[in-house]
Structures are given as C-alpha cells and as structure tokens.
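Q: what shape does this take:
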Amino acid sequence: MDINTGKQLLVDDRIIEDIWNVRREMVRPAKFIDNPLMVADRPWEDKGVASCYVLFDEQENIFKIWYNVFNYVSWRNEEDHCYTYWICYAESKDGLHWDKPKLGIIEYEGSTKNNLVMQGEWWATLGTVLKEMDEEDPARRYKMLYTDVFDMPTREAVA
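A: Residues are numbered from 1 along each chain as shown. Predicted structure coming up:
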C-alpha cells in the first residue's frame, strides 16, 4: 500500500502495521471561546448567516468561505413578506478571524462596496465551491454548485 500520497486519517488500523503501545482516546470537543466565528455585521445580513462552504486555498495559503445570507422583502405590509438570498464571500489567514472584502460585484442599496457574490432568484442553498487549477482563465477557476427556486416573483417584482 502506497501511503506517500499526502495526509492520512487514522481512524482504523487499515494502514497501521503495528499498534504496540498505541492507545486511541476520544475527547470531548471544546467550544471555541470566541464563537461565533462569522458574525452577521452587515446590513444585507440582517436575517443572519446560514449555510456555508469553506475551502483552504493552498496556492494563496488562506481560507475562503462562501455563505448564504437571507433578507426579507415586504411588499404589502409587515406580515406579508418573502425571503431572498445572497451568497457572500470572506477570507481568513487562520480560519478564526474573517475579513469581508468589498468585491464590487452586486449592488445593494445603491452601492457595490460589499462582499456579495450573487443574488438568488428566490431561495437557495449553497452546496459546494470547487477550484479548478486546470482552468486556463483565472477568472473562471472557481465553480459553484447550488440549488435555487425558480418561477417565483423576483425581489424587484414584489418590492
């Protein structure tokens, strides 16, 4: 068996030749004292941060996170509203402290000085983000898989 292929997860004895004087020990995980790591601190995050996908970019040596935020739009009165979502981006050198760069991609309340990557049609769940190093165009290296609900009124139609 060739084990020189990178990091190995040692949860069983499949790749261990000898277990003499070895003890496995389960420990209770401890909650990080500075939780939560990702705080909803922008106006477009007013309903909180939802699902996310984290990727460690080995070429840039940083963590990258794409996450959903939900926002509601009232079109008749306070009780009669719908939700819309955006996917946002942040990055971190240590995986604990996150920066939300101003990307200039999506307009929110007249400004593109935000970390919004895309706006969904109605409601979506972020799935996976992939980085394809074989892609010749650096602007097309990142691929995102997600689900969305279509054939619903758009945010602009109900606003």
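Q: contacts, neighbours, all on C-alpha from now
A: Fine.
Q: separation between the residue of the chain positioned farthest from its centre and D13?
A: Within the chain, the residue lying farthest from the chain centre (C-alpha atoms, centre = their mean) is W20, at 42.0 Å. Taking C-alpha to C-alpha, to the nearest Å as the criterion, W20 is separated from D13 by 12 Å.
Q: who touches both of the two?
A: Taking C-alpha atoms under 8 Å, 6 or more residues apart in numbering as the contact criterion, W20 and D13 have no common neighbours.
Q: stretch 35-47: end-to-end distance?
A: Using C-alpha to C-alpha, the end-to-end distance of stretch 35-47 comes out at 18 Å.
Q: what about the nearest residue to Y142 once chain neighbours are set aside, how many residues close to it?
A: Leaving aside its sequence neighbours, Y142 sits nearest to K131 (C-alpha to C-alpha, 6 or more residues apart in numbering; 4.6 Å). Other residues within reach of K131, judged by other C-alpha atoms under 10 Å, total 14.
Q: identify the residues contacting K131.
A: Applying C-alpha under 8 Å, 6+ apart, we find K131 in contact with 141-143.
Q: helix/strand/coil for the residue farthest from the centre of the chain?
A: Three-state secondary structure (criterion: DSSP: H, G, I helix; E, B strand; the rest coil) places W20 in coil.
Q: what's the distance between the residue nearest to Y142 and L55?
A: For K131, the distance to L55 equals 9 Å [C-alpha to C-alpha].
Q: lovely, talk soon.
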